[in-house]
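K.L.:
sequence first, predicted coordinates after that:
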Amino acid sequence: RKPSVEIPGLEYAGTVAAVGERVTGWSVGDPVMGIESGGCYAEQVAAFMASMEARRGALPAWHQGRALFASWSRPVAVAGNEVIRDGAGAELAAFCERHRVPVAQSLAAKGVLPEGHLFNLGPVNRYLDRILRMDAVAKVFDPADLVVLIGWDLAEDVEPGLWSGGGRKRVLRIGLTKDAAGPNGRTAGARLRPDVEVVGGLRLSLSRLASGAVVAASPYGSVAGPGLIAALRTARRSVRFGSGAGRLDPCVVVRETRAALGPDGILVADVGLHKHLAGLLTDTDRPNTFLCSNGLGTFGFGLPAALGAALACPGRPVAAVVGDGGFHSNSQDLETLARLRLPVVIVVLEDSSFGLIKHYQRLGGRRPEVRPAAGRVPVQAQPIVLHPGILKRDIPDVLPNGSTICNADALALVRFDDTFLKSNAVASRDIDPGG
């Protein structure tokens, strides 16, 4: 409607009393707030849906969510990064323990439950099956009749197609905001139609769900549940791509780097195959100790993100796992790292190609074509790791105390200081990302 001259007020907050025929994403009873050009001191305000925001802390339809949850017997939950942002890890653990609900996570939610938690299925995404060489996604989602999305965002790469098998499933979404935005401006609402959506603080929402009657025993609560969780953990910790003469297995590299950092250390992954290896194959016991780019998957994210982590968390070990392409994209940030003397270790996996594309070419039976760039400049480095067999012994020693750059056998452990420009060049050999 036209702005009201007689009635002042630019801000409003209340509940939706009625919706127009073409309104989507909002329902009668939803608590909202927003800004209009005038008239907000009136008893009722006609607002455009694009101007409205959900009120944080309100819990519309939580009782409907609890009723839906209690009416199905085989729920599985997916936790997203909002659980970490809202500090709701303890409430998530209490919820899944009371109702014996297995919980999968996006890569952005790694650490929201400890790796050894009884109901922790671990991280999932569309790359999981190919990397583990098993039908892991179907084993996680097909037996379920209800998917509970907790703090889930489409941008975290856990899309509805992952749970489309095994018959129709009801969907309960619990989030801080309504209709979370996805990649390229897409919205979750355009890809997801939850049966019930609860918008508000996750700690309160999960506490209320946890206080309800325990749902009927699901297959995850029987022998099959622990068996599946154990099988997934074993696969994650044992999968190898293989290594040959002069080559390192990237699966081993990311696991050993994570182990060397310790549970409080922060592992940052750039975009590429190594992001999914680091995210899907490494153990993460605490929130905000694994960082990666989501949604558009920004190439070159790793190095600047590691610098940010070191500045935000002084005293905690930080390492970035990057590919040669992503490292090259933002290698200019080495100047910032050296000038600020930040204790960041950079692990560069070099294969002179885009590893994720190369990996899928090999899986499809095609031979990857690699054309080294003309005029390659070797990394200025000092050798610390001399051959693959010494990798496991040296990484823990280098992370806390190293003060030089190292690049050998395509593994670069890089810790910069003001002497790095004086180091000698060291040629590196290929790392094989596809086995």
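P.N.:
Arrived safely. Residues are numbered from 1 along each chain as shown.

K.L.:
L311 reaches P343, doesn't it?
P.N.:
No. Using Cβ atoms under 8 Å, L311 makes no contact with P343, being 10.9 Å away. Any C-beta I mention is one placed from the backbone N, CA and C, and that applies to glycine too.

K.L.:
between these two, which is the more surrounded one?
P.N.:
Using other Cβ atoms under 10 Å as the criterion, L311 and P343 rank with P343 on top: 20 against 13.

K.L.:
wait, isn't that one in contact with A310?
P.N.:
Yes. Assessed by Cβ under 8 Å, P343 is found in contact with A310 at 6.5 Å.

K.L.:
list residues touching both of the two?
P.N.:
Here P343 and A310 have V318 as joint contacts, going by Cβ atoms under 8 Å, 6 or more residues apart in numbering.

K.L.:
shaky segments in the stretch 1-150 of the chain?
P.N.:
1-5, 24-25, 49-51, 53-63 (pLDDT under 70).

K.L.:
buried residues in the strand or helix carrying L337?
P.N.:
Secondary structure assigned from DSSP states H and E places L337 in helix 334-340. For helix 334-340, burial by neighbour count (16 or more other Cβ atoms under 10 Å) applies to 334, 337.

K.L.:
any idea which helix or strand comes after it?
P.N.:
Heading C-terminal from helix 334-340 (DSSP H and E), you reach strand 344-349.

K.L.:
mind giving me the packing neighbours of that following strand?
P.N.:
Judged by 3 or more Cβ pairs under 8 Å, 6 or more residues apart in numbering; DSSP states H and E, the packing partners of strand 344-349 are helix 250-261, helix 302-312, strand 318-323, helix 324-329, strand 411-414.

K.L.:
can you rerun that using 7 Å?
P.N.:
In terms of contacts (3 or more Cβ pairs under 7 Å, 6 or more residues apart in numbering; DSSP states H and E), strand 344-349 is packed against helix 250-261, helix 302-312, strand 318-323, strand 411-414.

K.L.:
who's in contact with the third one?
P.N.:
Contacts with strand 318-323, where a contact means Cβ atoms under 7 Å, 6 or more residues apart in numbering, come from 254, 257, 261, 265-270, 272, 274, 278, 302-303, 306, 309-310, 344-349, 355, 399.

K.L.:
go on, the second one?
P.N.:
Here helix 302-312 makes contact (Cβ under 7 Å, 6+ apart) with 266, 268-270, 291, 318, 320-322, 326-327, 330, 333, 336-337, 342-344, 346.

K.L.:
of these, keep whichever come out buried.
P.N.:
Using 16+ other Cβ under 10 Å as the burial test, the contacts of helix 302-312 include 266, 268-270, 291, 318, 320-322, 326-327, 330, 333, 337, 342-344, 346 as buried.

K.L.:
buried stuff in stretch 111-120?
P.N.:
Residues of stretch 111-120 classed as buried: 111-113, 115, 117, 119-120 (neighbour count, 16+ other Cβ under 10 Å).

K.L.:
phi and psi next, for the residue nearest to Q44 when sequence neighbours are not counted.
P.N.:
Spatial nearest neighbour of Q44, chain neighbours left out: A17 (6.6 Å); criterion: Cβ to Cβ, 6 or more residues apart in numbering. Dihedral pair for A17: phi -100, psi -30, per degrees, to the nearest 10.

K.L.:
neighbours of A17, how many?
P.N.:
As a burial measure, A17 scores 9 neighbours (other Cβ under 10 Å).

K.L.:
name the SS class of T284, please.
P.N.:
With DSSP: H, G, I helix; E, B strand; the rest coil as the basis, T284 sits in coil.

K.L.:
how many neighbours does it have?
P.N.:
Per other Cβ under 10 Å, the neighbour tally for T284 reads 24.

K.L.:
and the pLDDT at it?
P.N.:
Looking at T284, its pLDDT stands at 95.

K.L.:
that one contacts F290, doesn't it?
P.N.:
Yes. Judged on Cβ atoms under 7 Å, T284 makes contact with F290 at a distance of 4.7 Å.

K.L.:
quickly list what's touching both of those two.
P.N.:
Taking Cβ under 7 Å, 6+ apart as the criterion, T284 and F290 both touch 110-111.
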